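> Here is a sequence with its predicted model. Questions after.
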Amino acid sequence: MKDFRLIVLFAVGFACLPVFTHSGVLLNALMMALFACLMSQSWNILGGFGGQLSFGHALFFGTGAYAQAIFQIQYGVNPWVALALAISISSLLGGVLGWISFRYGLRGSYFALITLAFAEVFRILSLSSSITGAGVGLMLPLSESFSNMQFSSKTGFIELILSMNVIALAITLWLKNSRLGAYLQAVRDNEDAAKALGVNPLKVKFFAISISAALMGAAGCFYVQVFQYIDPNLAYGAHTSVAALVGAIVGGMGTLWGPVLGAFALELLSSLTRNFLGELPGINMVVYGSLLIAIIMFLPKGLIGLFSSLSSKPESRGGIAVDSKLNS
């Protein structure tokens, strides 16, 4: 119930924020932070809870983005209907990749490489396919209306991506406390031991990658609606996969709020380095990358682990004082 109340507070707080500020810079930063949250939460379900480290989550992002654009441009489908179809296609693709990978026992670095390879294959195919606009990409026509999922202000897009994040958080919370989630974490910790206890690793990992792919596909759909353009490098580029996994790793893998904290921290760090060091070409990326390396090296449990250790220190100090008095 505590996590559920926090999710409600998260939703209400960010939904009300546009009422108190009309700053385009702040609202855009909030929108992009929530966008990064959704991608990180998607990766976290498979990589954090399931222990299946994906280096090619752009595969699902790009597929969702292209499906959203193609359904609207080529077939005249309503964007809201296209959103549901695109998410379903991304989830189906995740299931196919999962069946190919997990059916033959691929895990660890082998699974990471096959996801990276699939993303690159789809990038090359989209570069040469006419339905994806080849190297030119696809551009959505501008028609601002709710029915067309194109809003006249950032507030509409913030509410849309916030709704997607709330759904992702609710799914993660359910997974964290459900029996299926316990099976998934058991497979992550020791797949052979979990299998000996009667857990079906193929089934639980198949479920995890399908849900993860659906959420990543939703992020791709959102990207297309906001920027009204997609091309192969944007859709299936390695930077998209890195953006998804870095937020979860920095915040804390396998936790509910780690990806949220990591995504917001990285968005804040990116904005600060870009604004204060932007006049020196490349130096902002050097500082950004150095801080990321430091977090990964010295905070293996992420920012969530840091906060947990800091909050537990007063209790541990109190316990030591009591023990010393008893011993004396």
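Noted; the coordinates are in hand.

> Give the buried residues for whichever strand or helix holds residue 225.
Secondary structure assignment for residue 225, by DSSP states H and E: helix 201-227. Buried residues in helix 201-227, counted by 16 or more other C-beta atoms under 10 Å: 201, 204-226. The C-beta positions use only the backbone N, C-alpha and C, and glycine is treated the same way.

> Kindly report the same for stretch 179-193.
Applying a neighbour-count criterion of 16+ other C-beta under 10 Å, one finds 181-188, 191 buried in stretch 179-193.

> about what we covered before: check which element follows the helix holding residue 225 along the chain.
Remark: after helix 201-227, the chain's next helix or strand is strand 229-230, criterion DSSP H and E.

> Give the other helices and strands that that following strand contacts.
helix 58-73, strand 138-139, helix 201-227 (3 or more C-beta pairs under 8 Å, 6 or more residues apart in numbering; DSSP states H and E).

> Just name whatever secondary elements the first one is in contact with.
Okay, so that is helix 58-73. In this structure, helix 58-73 packs against helix 79-103, helix 109-128, strand 138-139, helix 201-227, strand 229-230, helix 232-236, helix 238-251, with contacts taken as 3+ C-beta pairs under 8 Å, 6+ apart.

> can you check the second one too?
Judged by 3+ C-beta pairs under 8 Å, 6+ apart, strand 138-139 is in contact with helix 58-73, strand 229-230.

> Let me know which of the ones you listed is tucked in deepest.
When you average the neighbours per residue for each of those (mean count of other C-beta atoms under 10 Å), helix 58-73 leads with a mean of 28.

> from memory residue 215 sits against residue 41, does it?
Yes: with the criterion set as C-beta atoms under 8 Å, residue 215 and residue 41 qualify as a contacting pair; they are 6.5 Å apart.

> Common neighbours of the two, please.
Taking C-beta atoms under 8 Å, 6 or more residues apart in numbering as the contact rule, the neighbours common to residue 215 and residue 41 are residue 168.

> possible to save the helices and strands packed on strand 229-230 as a markdown table with mean pLDDT?
Putting these into a markdown table (pLDDT from 0 to 100) gives the following:
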| stretch | mean pLDDT |
| --- | --- |
| helix 58-73 | 96 |
| strand 138-139 | 94 |
| helix 201-227 | 95 |
